[in-house]
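Engineer: Kindly generate the corresponding structure for this input.
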Amino acid sequence: MPQDASVSMTRCTVVLLLAAAWCGVVSAALSQRILKVADPQKVSDYSISVIEPQSGATVYSHEPHKPLMPASNMKLVTTAAALKYLGPKFEYKTRVGLSDNTLVVIGSGDPILGDKDTDAKYGRQSGWVFEKIVQALRDQGIDEINDIVIDTTVFDDERVHASWDPAQLNRWYECEVCGLNYNLNCIELTAINVGGIVTLQVEPRTSFIDIANQVEAIASGEGGVGSYRTTQPNKIIAFGKCRNREGPFKVAIEKPAGFFGFLLAEQLARSGIAARGKLVERAFSEAEGFKPLVEFATPLADVVNRANTDSLGLAAEALIKTIDAYGRPDGRNGGWAGGRERIGKYLESLGVPPEEFNIDDGSGLSRQNRLTTNAISRLLLNQYRGGNWELFQVSLAVGGEEGTIDKYFNEAKYRGKIHAKTGYIVGAKALSGVCLTDRGPYLFSILTNGPKGLSRDAINGIAKAIIDEYRSGADR
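Structural biologist: The predicted model follows:
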């Protein structure tokens with residue numbers, strides 16, 4: 001061996017040994033900081049993993065191989081798997097065209113078509129989708145159509161997950177999942193008291209929903225309005241008390257494809273285009289002839305952002321079904337079962353043992369989901385070292401600034417430095433992501449379950465401890 005090479009090898013060895021020693025000291029110090037946060041709570045049912053991504057070294061862990069309910073941290077797994085299987089340049093494309101004189105809408109499973117937040121991002125007005133369709137028909141000189149056919153077969157017919165709470169199916173976070181989604185498959189209700197008479201405003205306005213107004217007008221005291229479903233599909237009872245104004249609040253509807261079709265037919269009628277036939281939901285074959293009119297494209301990055309920044313459940317559930325659909329030869333009938341299988345294979349490819357996860361749904365609503373912090377931190381490390389880290393990190397909520405942690409980490413020394421996904425269902429809390437410290441990024445995952453779990457303040461305190469430990473110089 002040449003002398004220079006021998007010297008170089010020796011120096012490299014010394015550097016590695018020093019780095020290893022330094023990491024050991026830092027790990028012990030970080031452990032003290034985290035225990036100072038966790039120990040006073042006298043809890044036991046939690047798991048933590050902290051990784052330095054450049055080396056891949058675990059600098060702190062507490063029961064990292066313990067499977068726990070991840071709540072919405074499940075969305076991290078679903079979105080990462082979507083980037084793997086669909087690719088970062090994937091787009092949902094909802095196609096509208098004519099087959100003879102039948103108007104055909106072919107759904108892509110796009111979960112944020114007509115989503116107000118996404119439309120605001122691009123400066124689009126409410127109802128722009130239907131206006132585009134109307135304009136496309138006018139450009140063709142068409143003032144009358146026969147049937148409206150809606151094809152939702154990109155997904156299967158299981159619109160409600162078997163593990164979800166039936167009592168919450170009218171909540172926005174438990175909305176149905178369809179091959180054609182619109183406005184997050186919800187309406188917005190607002191109750192207004194004028195002169196002792198309560199009226200209900202519905203957005204978007206449509207005869208597809210039948211709302212019975214049982215809201216009581218009050219002159220003083222606290223108001224509050226809610227709703228519940230009846231045995232008749234889309235017959236909704238609004239109840240409660242209204243002093244001035246209550247709402248708007250979202251209410252999940254049933255049969256999203258029919259919802260979109262009704263809104264479209266109503267817009268056509270208002271625009272002077274007659275629909276003479278029926279609204280039909282069925283599989284459409286290109287062999288029937290299809291003349292394209294307009295296409296609505298949504299980048300995967302937008303869907304990943306809504307899933308992680310804002311914890312939008314519909315985005316995650318559409319992704320898990322899309323993963324399955326696009327793994328099939330015909331690109332149809334994507335469902336939870338196939339999506340679960342492909343996500344499981346993805347985790348195993350990262351070296352996560354099968355006993356460390358159970359995938360049930362895509363959003364984390366199901367109480368059957370299980371993950372370990374080892375699994376989540378491995379996934380984060382895979383994203384960090386892959387080509388999608390910038391897209392993935394941008395999709396996370398930002399402490400003190402954006403998304404589900406915008407009200408936390410407001411102190412100057414933490415604001416903007418913690419990018420993470422929160423998680424909460426009854427009995428489970430979570431926070432996982434990246435701390436951007438003065439000494440570089442540190443990936444972390446925190447899961448806690450049950451009455452013996454950590455409080456939200458303690459979870460946040462652990463993320464702060466990571467920032468504090470790796471603060472530079474006199475600021476420590």
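Engineer: Give the residue spans of this protein that score low on pLDDT.
Structural biologist: 1-26, 473-476 (pLDDT under 70).
Engineer: could you redo the last one with a cut-off of 80?
Structural biologist: For the chain, the stretches flagged by pLDDT under 80 are 1-27, 40-41, 44, 473-476.
Engineer: which stretches of it form helices?
Structural biologist: Secondary structure of the chain by DSSP state H: the helices cover 3-38, 74-86, 116-121, 128-139, 256-270, 300-309, 313-325, 336-349, 373-385, 389-394, 456-469.
Engineer: Next, format those as a markdown table and append distance to residue 448.
Structural biologist: Where C-beta positions appear, they are placed from N, C-alpha and C, glycine not excepted. Output for the helices of the chain, formatted as a markdown table (distance: least, CB to CB, whole Å):
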| stretch | distance to residue 448 |
| --- | --- |
| helix 3-38 | 10 |
| helix 74-86 | 15 |
| helix 116-121 | 29 |
| helix 128-139 | 41 |
| helix 256-270 | 34 |
| helix 300-309 | 20 |
| helix 313-325 | 21 |
| helix 336-349 | 21 |
| helix 373-385 | 10 |
| helix 389-394 | 23 |
| helix 456-469 | 7 |
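Engineer: Between these, which one is closest to residue 154.
Structural biologist: helix 313-325 (5.3 Å; CB to CB).
Engineer: Buried residues, stretch 73-92. List them.
Structural biologist: Judged by neighbour count (16 or more other CB atoms under 10 Å), stretch 73-92 contains these buried residues: 73-86, 88, 90-92.
Engineer: and that stretch, how far from the chain's centre?
Structural biologist: Distance of stretch 73-92 from the chain centroid (CA atoms, centre = their mean, to the nearest Å) equals 11 Å.
Engineer: thinking again about what came up before, please identify the most buried of the helices of the chain.
Structural biologist: helix 313-325 (a mean of 28; mean count of other CB atoms under 10 Å).
Engineer: quick one, that helix and helix 74-86 angle?
Structural biologist: 30 degrees (axes from the mean of the first three to the mean of the last three CA atoms, to 10 degrees).
Engineer: Show the secondary-structure elements that helix 313-325 is packed against.
Structural biologist: helix 74-86, helix 300-309, helix 336-349 (3 or more CB pairs under 8 Å, 6 or more residues apart in numbering; DSSP states H and E).
Engineer: Helix 336-349 and that one, what's the angle between them?
Structural biologist: Going by the same axes, to 10 degrees, helix 313-325 makes 80 degrees with helix 336-349.
Engineer: Geometric centre of the chain: which residue is closest?
Structural biologist: By CA atoms, centre = their mean, the chain has its centre lying nearest to residue 307, at 2.0 Å.
Engineer: And it, how close does it get to residue 367?
Structural biologist: For residue 307, the distance to residue 367 equals 19 Å [CB to CB, to the nearest Å].
Engineer: what does stretch 131-139 rub up against?
Structural biologist: 96, 103, 125, 143, 145, 264, 267-268, 271, 273, 293-294, 296 (CB atoms under 8 Å, 6 or more residues apart in numbering).
Engineer: Just the buried residues out of these, in ChimeraX syntax.
Structural biologist: Buried residues among the contacts of stretch 131-139 (16+ other CB under 10 Å), as a ChimeraX selection:
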select :96,103,145,264,267,268,273,293,294,296
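Engineer: Turn the contacts of stretch 131-139 into CSV, columns for distance to residue 346.
Structural biologist: Shown next, in CSV, are those (distance: CB to CB, whole Å):
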residue, distance to residue 346
96, 33
103, 39
125, 39
143, 50
145, 43
264, 37
267, 41
268, 43
271, 46
273, 46
293, 37
294, 35
296, 28
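Engineer: Let me see the contact set for residue 324.
Structural biologist: 334, 335, 336, 337, 338, 339, 341, 342.
Engineer: I meant residue 419, not that one.
Structural biologist: Residue 419 neighbours (CB under 8 Å, 6+ apart): 393, 396, 397, 398, 399, 433, 434, 436.
Engineer: Count the residues that sit near the residue nearest to it when sequence neighbours are not counted.
Structural biologist: Counting by CB to CB, 6 or more residues apart in numbering, residue 419 lies nearest to residue 396, which is 4.1 Å off, once chain neighbours are set aside. For residue 396, the neighbour count with other CB atoms under 10 Å is 26.
Engineer: measure residue 396 to residue 344 for me?
Structural biologist: On the measure of CB to CB, residue 396 and residue 344 end up 23 Å apart.
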